[in-house]
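Colleague: coords please:
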Amino acid sequence: MRAYRFRVLLWVLWLIGLAPSLAWGVEYRPLLPAPRAGLTADWLIYDEARNRLVLYLPDYHPPAHAYYQWLSVQPGKPLPITFTAPKNLSLFLDNRLVFTSDRAAAYTLDIARLLPAGSAPGPHLLCVWQPDGAPSLASFRSTLAPVLAPKGQRPAPATGAQPRPRGHQGQNVFVGFLLLLGLLYGGLRTMYQPGFSRIYQLEGLWGRPSAEQDFLTKPTITWLNVALVLLFSLSFALLLVAIHTNIQNIVILRQLFDVPESAIVVRVLLYTVLVAAFVLGKYLFLELMGYIFDLTDVVMVQYREFVRTILFTGLFLPVVMLLYLGLNQRLPETVLWVSNGVVSLLLVGSVLRVARTLHRRASLLNLHLFSYLCATEVIPLVVLLKLIVFTY
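Modeller: Numbering: from 1, shown residues only. Purely as a prediction, here's the structure:
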């Protein structure tokens, strides 16, 4: 009996002596997320100080040039992804260059086909790198088709709770802004019906000279016009944030306003202020150019025609946003073409309307007036088309 007690006492003492060493020896190491077959919204960035990849947190880490993600790729099994990219965006697979965009456009690639022959199935590291800015991570999506069960066989029942599928980034934000636009447009139409109908009527825009002359002689800076310019700016900002994401890669804009990609509301409000400042500030630009060209008598008429045209064509911008929310998952290129067409119509239409109005007062065959029109309308048109339309 004494020998048994002595043996138990030895075991207890041994465990007591081993416990501190176990406590000091155990080290907590977070496990890496398991590679998935498709892209997720979680990206990794390279932590140079610790020489490893860490989870990218938009509100914590500054934007980077390169983003990583582990993918489970099976050679011969398609793994398509779609994304929009500016020129010179590159994709690396296991630190090997597999793609470089030669122009700004929307692309669809099969990751499985980019693997070299004889690659083993399993995890592979995808890297997205953009040399002159941060890539648009929100545009990277998987397009895997659902696996159908063979004919006559029921699909296997799901085990456990399934994650709720999420819509594309910012869907609820865009829907909320569209509802706000509808309410504000409806409220302004109810409160200022005569002035509202004077702007949004086809007869005055394309036909009746009396209605056109009535608008061009009315004051431009009114509460109604300022409110409508703000609504137009909000509509245009939604389009830029949702579809024309290349705007955020402009070096000057990114240096002045470094807004994270995930802060959609902030970006929408920022672009709204920038668009409104451009529309309202154009009057000062026209006054300066009118003084230089000695054509100050046409500045007010030109600005009023510009404001009326963009406000009228701006009604089509919320329609494009509805198409984006409904069709962007299935037909992203179609939505992009429609958006580019509407934006081009807005910009080119405003220049044509201004040229038509000025031509009625003085012939554009006059080289002096034609040079003024090129300096105030044509050159800004080319710059805006390059920044918004032609980069995609």
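
Colleague: Please make it C-alpha for all contacts and neighbour counts, starting now.
Modeller: Will do.

Colleague: Check which helices and strands whichever strand or helix holds Arg356 is in contact with.
Modeller: Here Arg356 sits within helix 332-361, counting by DSSP states H and E. If contacts are counted by 3 or more CA pairs under 8 Å, 6 or more residues apart in numbering; DSSP states H and E, helix 332-361 sits against helix 299-313, helix 317-327, helix 379-384.

Colleague: With respect to burial, which of those scores highest?
Modeller: For the helices and strands packed on helix 332-361, average neighbour numbers computed from mean count of other CA atoms under 10 Å are highest in helix 299-313, which has a mean of 21.

Colleague: which residues touch that one?
Modeller: Contact partners of helix 299-313, identified using CA atoms under 8 Å, 6 or more residues apart in numbering, comprise 199-200, 205, 215-217, 220, 228-229, 232, 279, 282-283, 286-287, 290, 345-347, 349-351, 353-354, 357-358.

Colleague: Just the buried residues out of those, in PyMOL syntax.
Modeller: Of the contacts of helix 299-313, the buried ones can be selected in PyMOL as follows, counting by 16 or more other CA atoms under 10 Å:
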select buried, resi 199+200+205+215+216+220+228+229+232+279+282+283+286+287+290+346+347+349+350+351+353+354+357+358
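
Colleague: would a markdown table of the helices and strands packed on helix 332-361 with distance to Gly122 be doable?
Modeller: Formatted as a markdown table, these follow (distance: least, CA to CA, whole Å):
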| stretch | distance to Gly122 |
| --- | --- |
| helix 299-313 | 52 |
| helix 317-327 | 33 |
| helix 379-384 | 46 |
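
Colleague: of all those, which lies closest to Tyr107?
Modeller: For Tyr107, the closest of the helices and strands packed on helix 332-361 is helix 317-327, at 16.8 Å, according to CA to CA.

Colleague: could you give me the average pLDDT of that closest one?
Modeller: For helix 317-327, mean pLDDT rounds to 89.

Colleague: Kindly report the same for stretch 129-145.
Modeller: For stretch 129-145, mean pLDDT rounds to 80.

Colleague: just stretch 45-64 next, same as before
Modeller: 82.

Colleague: Can you get me the start-to-end distance on that stretch?
Modeller: End-to-end distance for stretch 45-64: 7 Å, by CA to CA, to the nearest Å.

Colleague: And for stretch 365-378?
Modeller: 16 Å.

Colleague: From the chain's centroid, how far away is that stretch?
Modeller: Its chain's C-alpha centre and that of stretch 365-378 lie 35 Å apart, by CA atoms, centre = their mean, to the nearest Å.

Colleague: Same question for stretch 80-92.
Modeller: Once both centres are worked out by CA atoms, centre = their mean, stretch 80-92 turns out to sit 15 Å from its chain's centre.

Colleague: Give the rounded mean pLDDT of it.
Modeller: Per-residue pLDDT values across stretch 80-92 average out to 87.

Colleague: Just the CA atoms of that stretch, as CSV, please.
Modeller: Presented in CSV, the C-alpha positions along stretch 80-92 are these (Å, rounded to 0.1, in the frame of the first residue of the first chain):
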residue,chain,number,x,y,z
PRO,A,80,-13.4,31.4,-64.4
ILE,A,81,-13.1,34.9,-62.9
THR,A,82,-14.2,38.3,-64.2
PHE,A,83,-12.8,41.7,-63.4
THR,A,84,-12.3,45.2,-64.8
ALA,A,85,-8.7,46.4,-65.1
PRO,A,86,-6.9,49.5,-66.2
LYS,A,87,-3.9,49.2,-68.5
ASN,A,88,-0.8,47.2,-67.2
LEU,A,89,-2.6,45.4,-64.4
SER,A,90,-0.9,42.0,-64.0
LEU,A,91,-1.9,38.6,-62.5
PHE,A,92,0.6,36.2,-60.9
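
Colleague: For that stretch, which residues meet the burial criterion?
Modeller: Within stretch 80-92, the residues scored as buried using 16+ other CA under 10 Å are 80-92.
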